[in-house]
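Colleague: structure, please.
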Amino acid sequence: MKYLAIEVAKSATTDLFVEVPDDFDEKQFMRGLHRKELGRIARETTNEWEWDDFGWDDSLEIIEVKVVEESEAKQFKIGTLCEAANPVRPE
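Modeller: As a prediction, this is how the structure comes out:
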């Protein structure tokens, strides 16, 4: 498995750490795929004082995606992309 740090924004920014298979193409996130899954992961892995949990699925903006070392990711809560997530390419 590899770990991705995904910088997202609402009215401020934070990083989401997401565990994905080694062959996962992280560029999918920058193309707008898995947005609902990232909303779920944001709600599950960020602190309440840092973010409210309203509207993540509709207002999440992806700033950057990068591969990080497992040791860095494990310093934070890590979300897992649902295996059932079938991205639909935006028109």
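Colleague: give the contact list for the residue positioned nearest the centre of the chain.
Modeller: Nearest residue to the geometric centre of the chain (CA atoms, centre = their mean): L38, 4.2 Å. Residues in contact with L38 (CB atoms under 8 Å, 6 or more residues apart in numbering) are I6, V8, L16, V18, F29, W56, L60, I62. Bear in mind the C-beta positions are built from the backbone N, C-alpha and C, glycine included.
Colleague: shouldn't it be within a strand?
Modeller: No: counting by DSSP: H, G, I helix; E, B strand; the rest coil, L38 is located in no strand; its state is helix.
Colleague: do a quick rundown of the strands in the protein.
Modeller: 2-9, 13-20, 61-68, 78-80 (DSSP state E).
Colleague: in a markdown table: those strands, plus distance to E44.
Modeller: Converted to a markdown table, these look like this (distance: least, CB to CB, whole Å):
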| stretch | distance to E44 |
| --- | --- |
| strand 2-9 | 13 |
| strand 13-20 | 9 |
| strand 61-68 | 17 |
| strand 78-80 | 6 |
